[in-house]
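1. Here is my input; please provide its structure:
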Amino acid sequence: MTANDHVATSKSVIRCFCAGLALLAVGALSSQAHAETFEGPSFRKGMWHFVRTLDLVPNRKNKQRLLAREATRCVDPTLAMKATFSSPSVGSCVSSKAEKSNNKYIFANRCDYMGPVSTVITVHNDESYTELNETTAGQVVPKMELVVARRVGDCEGESAGPARSAGLIH
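-> As a prediction, the model looks like this:
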């Protein structure tokens, strides 16, 4: 092997190494971009007040309240929205992608703890929203869950977790 062959082989190894590093970098950037493709609403972290109601709705004129719960917690609702918007398919339930119409995000079908639900999230501003979940599929009596969320202030020394931790949002 001559000196020129040795230099050519070294250059080839270096090129392969650099190409491999470039591929790794591109893969890392694309997976990071994929993880950041959240297209839902964003809200301010802070102290949020949640009111959750769950009703049986045999018909539009007649509702039976099953649950009414209120809580105030230091949370970041955007984290809970990211989970809602990335709702995976469960068994035969296949989640649809949200469609945006003005200030509303509408899921024709979303897989939820209640089963397949239609969900409408209405964003009033970065400090207030409502989430309405309705289910009829496979239910004897349809159910309607309403979450009304409103930011009421800043947190006092607590770190804001996802709204899901408040036990009010799925």
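2. Which helix or strand contains residue 80?
-> Using DSSP states H and E, residue 80 falls within helix 77-85.
3. Just checking: what are the partner strands of the very next helix or strand once past that helix?
-> As assigned by DSSP H and E, the chain's next helix or strand after helix 77-85 is strand 99-101. Partners of strand 99-101 in the sheet, by DSSP bridges, are strand 104-112 (antiparallel).
4. and the strand it pairs with with helix 77-85, angle?
-> 60 degrees (axes from the mean of the first three to the mean of the last three Cα atoms, to 10 degrees).
5. Using PDB, list the CA coordinates for strand 104-112.
-> Extracted C-alpha coordinates of strand 104-112, given in PDB (Å, rounded to 0.1, in the frame of the first residue of the first chain):
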ATOM      1  CA  LYS A 104     -63.000  26.000  18.100                       C
ATOM      2  CA  TYR A 105     -61.100  22.700  17.800                       C
ATOM      3  CA  ILE A 106     -63.400  19.900  16.800                       C
ATOM      4  CA  PHE A 107     -62.600  16.200  17.000                       C
ATOM      5  CA  ALA A 108     -65.300  14.100  15.200                       C
ATOM      6  CA  ASN A 109     -64.000  11.100  17.100                       C
ATOM      7  CA  ARG A 110     -61.500  11.000  19.900                       C
ATOM      8  CA  CYS A 111     -60.600   7.900  22.000                       C
ATOM      9  CA  ASP A 112     -61.100   8.800  25.600                       C
END
